[in-house]
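# Sequence and predicted model, in that order:
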Amino acid sequence: MSGGHDGSPQEPKWPANPYFGQPWDAPAVEGARQAPTPVGKPCAWCGVPVADGDQGFLVGCARRDDAGKIYGTVEPFHRECQLRSVIGSPAHLDGGCSCHGGQDDRRPQNPQEKRAEAIEVWDRVLAGQF
Ligand SMILES: [Zn+2]
Ligand SMILES: [Zn+2]
């Protein structure tokens, strides 16, 4: 990519989230910092620990501890899970879910199913099915 950025330069309002894994072709990756892959840390979306070779982002989250105090933390999202968290479930994208008047409100029952669902959404988006 030659990156012919012309026009006035714009500073992002927030620093871009660092990504981990091999860079891939996405606007959010361009110009972002590459972080070491947080192997073994659970993905904030699906809960499956990040494995060596996974790709995703490190995202700042606000959490509440047992005493009710809010603290900031940085958690990994698989790139597929990040996309899934933004665009919705396969049933939603197919228009079969209850918010479209349908019945298809299946939900993943465990982290592996959640991860598999996110990968299904990712693959179908890349295949242009939505
Ligand atoms: Zn995930
Ligand atoms: Zn829906």
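Alright, I've got the coordinates. Ligands and ions are numbered 1, 2, ... in the order given.
# other SSEs contacting the longest helix anywhere in the chain?
Once the chain is assigned using DSSP state H, the helix that runs over the most residues is helix 111-126. Here helix 111-126 touches helix 79-87, helix 90-94, going by 3 or more CB pairs under 8 Å, 6 or more residues apart in numbering; DSSP states H and E. Glycine gets a C-beta too; all of them are placed from N, C-alpha and C.
# So is it next to ligand 2?
No: if you take CB under 5 Å from the ion as the test, helix 111-126 misses ligand 2, and the best it gets is 12.7 Å.
# For that helix, what is the distance to the chain centroid?
Taking CA atoms, centre = their mean, to the nearest Å, one finds helix 111-126 lying 11 Å from the centre of the chain it belongs to.
# again with stretch 76-88
Relative to the chain's own centre, stretch 76-88 is displaced by 3 Å; criterion: CA atoms, centre = their mean.
# how about the residues of the chain that lie near ligand 1?
The chain has residues 43, 45-46, 78, 81 near ligand 1, with proximity defined as CB under 5 Å from the ion.
# mind running it again at 8 Å?
If contact is defined as CB under 8 Å from the ion, the residues of the chain in contact with ligand 1 are 43-48, 50, 56, 76-78, 80-81, 111, 114-115, 118.
# Make a PyMOL selection of whichever of those turn out to be buried.
Command for PyMOL that selects the buried part of the residues of the chain next to ligand 1, burial taken from 16 or more other CB atoms under 10 Å:
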select buried, resi 43+44+45+46+48+50+56+76+77+78+80+81+114+115+118
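# Can you pull the phi/psi pair for Pro49?
In this entry, Pro49 is assigned phi and psi values of phi -60, psi 140 (degrees, to the nearest 10).
# where in this structure is pLDDT low?
1-15 (pLDDT under 70).
# and the residue most central in space within it, what is it in contact with?
Within the chain, one residue has its C-alpha closest to the average C-alpha position: by CA atoms, centre = their mean, that is Gln82, at 1.2 Å. When contacts are counted by CB atoms under 8 Å, 6 or more residues apart in numbering, Gln82 is found next to 45, 56-57, 59.
# quick one: buried residues of stretch 55-66?
Neighbour counts using 16+ other CB under 10 Å place 55-59 of stretch 55-66 among the buried residues.
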